[in-house]
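Asks: Predicted structure and sequence below. I'll ask about it afterward.
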Amino acid sequence: MQTVFTIQTRGQALYEFTNDVARWIAGQGDGLLTLLVQHTSASLLIQENADPDVQRDLLAYFARLVPPADAPEMSYLTHLMEGPDDMPAHIKASVLPVSISIPVARGRMMLGTWQGIYLFEHRDAPHQRRIAAHFRPD
Amino acid sequence: MQTVFTIQTRGQALYEFTNDVARWIAGQGDGLLTLLVQHTSASLLIQENADPDVQRDLLAYFARLVPPADAPEMSYLTHLMEGPDDMPAHIKASVLPVSISIPVARGRMMLGTWQGIYLFEHRDAPHQRRIAAHFRPD
Amino acid sequence: MQTVFTIQTRGQALYEFTNDVARWIAGQGDGLLTLLVQHTSASLLIQENADPDVQRDLLAYFARLVPPADAPEMSYLTHLMEGPDDMPAHIKASVLPVSISIPVARGRMMLGTWQGIYLFEHRDAPHQRRIAAHFRPD
């Protein structure tokens, strides 16, 4: 069972789509769910979905870990065709997950209480992002 | 075939549980093993299990990559409810793996010679951590 | 269906092997592909394979994120037996992916247009690297 989830982004942020995935596998039995983001400048992330401050702090941290290419300390970067957020987006997409696998029991993902599934957009401009999904029943 | 491994932690450290997983799939045939940590402040990690200095250095590195929230350079953090190790734990849990998949041949994980499977605890206080495990025979 | 891909490296660099994987699953139907690098000082990476500047910038970034052990700021490292690139290689192998799963549709990986699969070598000396591969048809 396969599908593609599509997420329209509006700049660097975390976009939760836990419920879309949960609906897609509802009614299935046990099995394994796998997600793959089909881009090199956006990531998947499983993180806390209770306090929105966590998302804000994650964005602030990764903006410091990988500053824009026009920051003095990033002057060694050469892949700048699409602007100062171009190469930093590839770097963040290397550090953060590209694929995630989640065991499923009786049609429900075996996530922890506070775990939500996010698309982490690393580009400033709006993008339509695709996440390939695969569910294999046991 | 599914189970949950439980690990009692005692502060920030790497807790190896390779043997628990090996025992669980012993006697199975070929297939695919998937592990998912059900928390947003602890990680999974496959790393060297020969020299314990590797674990010490990993802890020292990540403590510098993501300093506690009371370090001056982390003053921008806002999610601080549970103390200075709270938000840094979420950040480390974003950078390090949340799920890992391992091919299995004749009941044995296809790990390299020095690869061990660890729960990486990012919080100072003791926690009981859960890792969902899924094995699907071919 | 299982195999091991072998890659001979010649120092720190990204070695693409997308075509090797594509050939291996060509002719298969739908399913799930999983790759696991069997080492603790090399990584897997899915990244852009159009502009080679991306690979150069990734190498430059990670060399700065995790400097060699003889850099003053890394003087706290203790696992140095195999030289100044030893422990930094383990750290990079913790931050970058050890396993990746990719949905397959009609014998083709569901990768995005610009996504290539790389072995990321973190050691200076040449190494023969092994990647365990598992394909399970639906």
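Replies: Arrived safely, thanks for sending. Quick caveat, the model's predicted, so the values are computed rather than measured. Numbering: from 1, shown residues only, chains lettered A, B, ... in the order given.
Asks: what is the rounded mean pLDDT of stretch A:57-73?
Replies: For stretch A:57-73, mean pLDDT is 98.
Asks: before we move on, what about stretch A:129-138?
Replies: According to the model, stretch A:129-138 has a mean pLDDT of 97.
Asks: Are it and chain B in contact anywhere?
Replies: Yes: Stretch A:129-138 lies within reach of chain B by Cβ under 8 Å from any Cβ of the partner chain, at A:136, A:138. The C-beta positions use only the backbone N, C-alpha and C, and glycine is treated the same way.
Asks: From the chain's centroid, how far away is that stretch?
Replies: 14 Å (Cα atoms, centre = their mean, to the nearest Å).
Asks: CA atoms of that stretch as CSV?
Replies: Output in CSV follows, covering the C-alpha atoms of stretch A:129-138 (Å, rounded to 0.1, in the frame of the first residue of the first chain):
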residue,chain,number,x,y,z
ARG,A,129,6.7,19.0,-0.8
ARG,A,130,6.1,15.3,-1.4
ILE,A,131,6.5,12.5,1.1
ALA,A,132,6.3,8.9,-0.3
ALA,A,133,4.6,6.6,2.1
HIS,A,134,4.6,2.8,2.2
PHE,A,135,2.6,0.5,4.5
ARG,A,136,3.2,-3.2,4.5
PRO,A,137,0.8,-5.4,6.5
ASP,A,138,2.4,-8.3,8.5
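Asks: The spatially most central residue of chain A pairs with what?
Replies: Centroid-nearest residue in chain A: A:L44, 2.3 Å away (criterion: Cα atoms, centre = their mean). Taking DSSP bridges, one obtains A:L119 as the residues bridged to A:L44.
Asks: what's the distance between it and A:Y118?
Replies: Distance, A:L44 to A:Y118, by Cβ to Cβ, to the nearest Å: 7 Å.
Asks: now do A:Q47
Replies: 6 Å.
Asks: ok, now A:R129?
Replies: In terms of Cβ to Cβ, A:R129 sits 11 Å off from A:Y118.
Asks: For chain C, see how far away A:M81 is.
Replies: Taking Cβ to the nearest Cβ, to the nearest Å as the measure, A:M81 falls 8 Å from chain C.
Asks: ditto for A:Q28
Replies: In terms of Cβ to the nearest Cβ, A:Q28 sits 13 Å off from chain C.
Asks: Please list the residues of chain A that sit near chain C.
Replies: Counting by Cβ under 8 Å from any Cβ, the residues of chain A that sit close to chain C are A:1-2, A:4, A:32, A:34, A:36-40, A:65-66, A:76-79, A:81, A:87, A:90-91, A:93-95, A:97-99, A:101, A:130, A:132-134, A:136.
Asks: show me what contacts the closest residue to A:L58 other than its chain neighbours?
Replies: Counting by Cβ to Cβ, 6 or more residues apart in numbering or on different chains, A:L58 lies nearest to B:S94, which is 6.1 Å off, once chain neighbours are set aside. By Cβ atoms under 8 Å, 6 or more residues apart in numbering or on different chains, the contact list for B:S94 reads A:45, A:47, A:58, A:96.
Asks: now chain A, which segments are flagged as low pLDDT?
Replies: Along chain A, the model assigns pLDDT under 70 to no residue.
Asks: quick one, strands of it?
Replies: Under the criterion DSSP state E, chain A contains strands at A:2-8, A:13-16, A:31-37, A:42-48, A:99-105, A:108-109, A:115-121, A:128-137.
Asks: what helices or strands is the second one leaning on?
Replies: Contact partners of strand A:13-16 among helices and strands, from 3 or more Cβ pairs under 8 Å, 6 or more residues apart in numbering or on different chains; DSSP states H and E: helix A:52-65, strand A:115-121.
Asks: What are the buried residues along the first one?
Replies: Right, the one you point to is helix A:52-65. A:53-63, A:65 (16 or more other Cβ atoms under 10 Å in any protein chain shown).
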